[in-house]
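*Asks:* take a look and give me a structure for this.
(one chain, ligands or ions: 2)
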Amino acid sequence: MNEIFETAKKFNLPSEPVGYTECKIGHINSTYFVDCKNGDKYVLQNINTGIFKDPDILMNNIVGVTSHIRKKLEAEGKDPLRGTLKFFCSVDGLYYYKDEVGRCWRLYKYVDDVDCYQSADSTELLERVGMAFGHFQMQLADYDAGKLRETIPNFHNTPSRLNDLKIALEKDAVGRASSIKDEIDFVFDRSEICSYIMDRIADGTLPLRVTHNDTKLNNILMDHKTGEPVCIIDLDTIMPGSVLFDFGDAIRFGASSAAEDETDLSKVYMREDAFDAFAKGFVSGLEGSLSEEEIMELPMGALVITLENGIRFLTDYLNGDTYFRTHYPQHNLDRARNQFALVRDMEKKMPHMREIVKKYL
Ligand code: GN1
Ligand code: MG
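*Replies:* Ligands and ions are numbered 1, 2, ... in the order given. So this is what the prediction gives:
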């Protein structure tokens, strides 16, 4: 019997699994869509425990947060099975199942009639996405952050990411360092910028909130018919953080003119119309809870998080591609170059980005 079916059965499903497809999106976990005899659909995920080392901490965070959101949806008369993910317990009574070879799996109900976008041409759509990510933070504003444990320590600590790059460079595990001198110079010329957000968290300018921390456009499901945001997914990195993390990561992906691994860098730039639309939606989704400083720092959030992602891709390239899923040998290097092209463009556009967010004070 197929291992996907066997594993799905460990979650006490009401009906027999009869088919599945693999989802190719996402750089970390392996994801399968499982069809059951009675027509029900589920998402089965193999958790990457090389990255999320403690599945108990991970699933406690996620189940806590989704239960909190579910209660709010019920109170608002909304469908709790569409507005947030519903996880199932395994035969072990846990929200994950550990198989004979030690791999950890989890299962949640598939959300029907939705699309997941890899890019967005429409500014209306980006405004709605911005609003949904802002609203998500509002839904969690009264969640006790003390209940959340760090799933990946220092996830958006950019100086620590820079330090990881230095270590990888010294090790040069697979002999790639000599071929990436320009990229390394690019990063070290910007080492001061790396501490921009952390410094402002430390001095109290930027408060800690409960943030998603991985706000890629493809981490939100949109209603197939209406195009309205339905559900925010990929909840593995929910941790206390700055609003700049979520804003920044959403811009680096959703406001880019090209895919994250586009190699023709003349096609890679930050779309100012997309930046404006997302910022408008995001600030309004946060319902007046952002301070003036936070709003005015949003553009730097985009720049720092884009630089940070480039640093992470470059570090992984030096380490021999052990973290992000890659599809060819230079993939991480191409992604890093792409992110650095975006950073360059954002540096040029920074005064205009500040003008834009000022409108939403
Ligand atoms: C990973 O799994 P996915 O593709 O949603 C990564 C993010 C990166 C992103 C880059 C846990 O997200 O931090 O920004 O790739 N997630 C983790 O595309 O490291
Ligand atoms: Mg994802």
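*Asks:* then residue 230 would be within a strand, right?
*Replies:* Yes. The assignment for residue 230 is a strand, going by DSSP: H, G, I helix; E, B strand; the rest coil.
*Asks:* hmm, residue 82 and it touching each other?
*Replies:* Yes. Using Cβ atoms under 8 Å, residue 230 and residue 82 qualify as a contacting pair, with a distance of 5.4 Å. Just so you know, the C-beta spots here come from the backbone N, C-alpha and C atoms, and that holds for glycine as well.
*Asks:* more neighbours, those two?
*Replies:* residue 230 (21 against 18; other Cβ atoms under 10 Å).
*Asks:* which residues are in contact with each of residue 230 and residue 82?
*Replies:* Shared contacts of residue 230 and residue 82, defined by Cβ atoms under 8 Å, 6 or more residues apart in numbering, are found at residue 111.
*Asks:* now the closest residue to residue 317 other than its chain neighbours, what's its secondary structure?
*Replies:* Distances taken as Cβ to Cβ, 6 or more residues apart in numbering place residue 332 nearest to residue 317, at 3.9 Å, with adjacent residues excluded. With three-state DSSP as the basis, residue 332 sits in helix.
*Asks:* tell me, what residue is most central in this protein?
*Replies:* Closest residue to the average C-alpha location of the chain: residue 214 at 1.7 Å, with Cα atoms, centre = their mean.
*Asks:* now do it, the pLDDT please.
*Replies:* With respect to pLDDT, residue 214 has a value of 98.
*Asks:* list the residues that contact it.
*Replies:* Neighbours of residue 214 in contact, by Cβ under 8 Å, 6+ apart: 234, 236, 237, 249.
*Asks:* could you dump the residues you listed into JSON lines with pLDDT and distance to ligand 1 added?
*Replies:* What follows is these, written out as JSON lines (pLDDT from 0 to 100; distance: Cβ to the nearest ligand atom, whole Å):
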{"residue": "234", "pLDDT": "97", "distance to ligand 1": "5"}
{"residue": "236", "pLDDT": "98", "distance to ligand 1": "6"}
{"residue": "237", "pLDDT": "98", "distance to ligand 1": "5"}
{"residue": "249", "pLDDT": "98", "distance to ligand 1": "6"}
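*Asks:* quick check, residue 62 in a helix?
*Replies:* Yes. Under three-state DSSP, residue 62 sits within a helix.
*Asks:* OK, contacts around the nearest residue to it once chain neighbours are set aside?
*Replies:* Nearest residue to residue 62 in three dimensions, chain neighbours excluded: residue 235, at 4.7 Å (Cβ to Cβ, 6+ apart). Counting by Cβ under 8 Å, 6+ apart, residue 235 touches 61, 62, 65, 66, 85, 212.
*Asks:* which member of those is positioned nearest residue 182?
*Replies:* Relative to residue 182, the closest of those is residue 212; by Cβ to Cβ it sits at 32.9 Å.
*Asks:* mind putting the contacts of residue 235 into TSV with distance to residue 113 and neighbour count?
*Replies:* Output for these, formatted as TSV (distance: Cβ to Cβ, whole Å; neighbours: other Cβ atoms under 10 Å):
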residue	distance to residue 113	neighbour count
61	28	21
62	23	21
65	24	22
66	20	21
85	16	24
212	23	26
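*Asks:* could you check how far the closest residue to residue 347 other than its chain neighbours is from ligand 1?
*Replies:* For residue 347, ignoring the flanking residues on the chain, the nearest one in space by Cβ to Cβ, 6+ apart is residue 303 at 6.9 Å. As judged by Cβ to the nearest ligand atom, to the nearest Å, residue 303 and ligand 1 stand 15 Å apart.
*Asks:* name the element residue 303 belongs to?
*Replies:* Secondary structure assignment for residue 303, by DSSP states H and E: helix 292-318.
*Asks:* against ligand 1, how distant is the residue nearest to residue 244 when sequence neighbours are not counted?
*Replies:* Spatial nearest neighbour of residue 244, chain neighbours left out: residue 301 (2.9 Å); criterion: Cβ to Cβ, 6+ apart. Per Cβ to the nearest ligand atom, residue 301 is found 14 Å from ligand 1.
*Asks:* do the same with residue 137
*Replies:* 17 Å.
*Asks:* who's in contact with that residue?
*Replies:* Residue 137 neighbours (Cβ under 8 Å, 6+ apart): 209, 210, 211, 212, 243, 246, 285, 286.
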